[in-house]
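A.B. asks: Provided below are the primary sequence and the corresponding predicted coordinates.
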Amino acid sequence: MQSRTGVVNRGVVALVTGVLLCALVMTPFVLVIKYYDWGVGLVFVSPLVIWLLLRVGKALERWSRNESSSLPPDPDYPEDPL
C-alpha cells in the first residue's frame, strides 16, 4: 500500500495501528474476565474501555485525514445564525 513516492499511506498506518491497539487492549481484558473470579467485576468497566477505544479510533481517523484535532461544529446549533 505504498504510493508512487514510496511513502506508506496514512490511512493504512491508522488502520493497522487501530487494529493492533484493539487487539492489545481487548485480549488481556477478555482473558482476565474469563479466567479470574474477580474479573467478572471488569464487565462494568467494559463500556468505558470500548468508549475509549472508539475515541482513539476517531483520533486516528482525523490524523489520517490530516484534519484538526478539535471537534467539528454541531450542524444543529450553528455558531452564526442565518
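C.D. replies: Yep, it's here.

A.B. asks: For Pro78, see how far away Leu53 is.
C.D. replies: Leu53 is 31 Å from Pro78, where distance means C-beta to C-beta, to the nearest Å. From N, CA and C alone the C-beta is placed, and that goes for glycine too.

A.B. asks: So those two - more neighbours on which side?
C.D. replies: More crowded of Leu53 and Pro78, by other C-beta atoms under 10 Å: Leu53, with 15 against 9.

A.B. asks: so what's that one up against?
C.D. replies: Leu53 makes contacts with 21-22, 25-26, as judged by C-beta atoms under 8 Å, 6 or more residues apart in numbering.

A.B. asks: where does the spatially most central residue of the chain land on pLDDT?
C.D. replies: By C-alpha atoms, centre = their mean, the chain has its centre lying nearest to Gly57, at 2.0 Å. Note for Gly57: predicted pLDDT of 94.

A.B. asks: Quick check, it in contact with Gly18.
C.D. replies: Yes. Using C-beta atoms under 8 Å, Gly57 is in contact with Gly18, at 5.1 Å.
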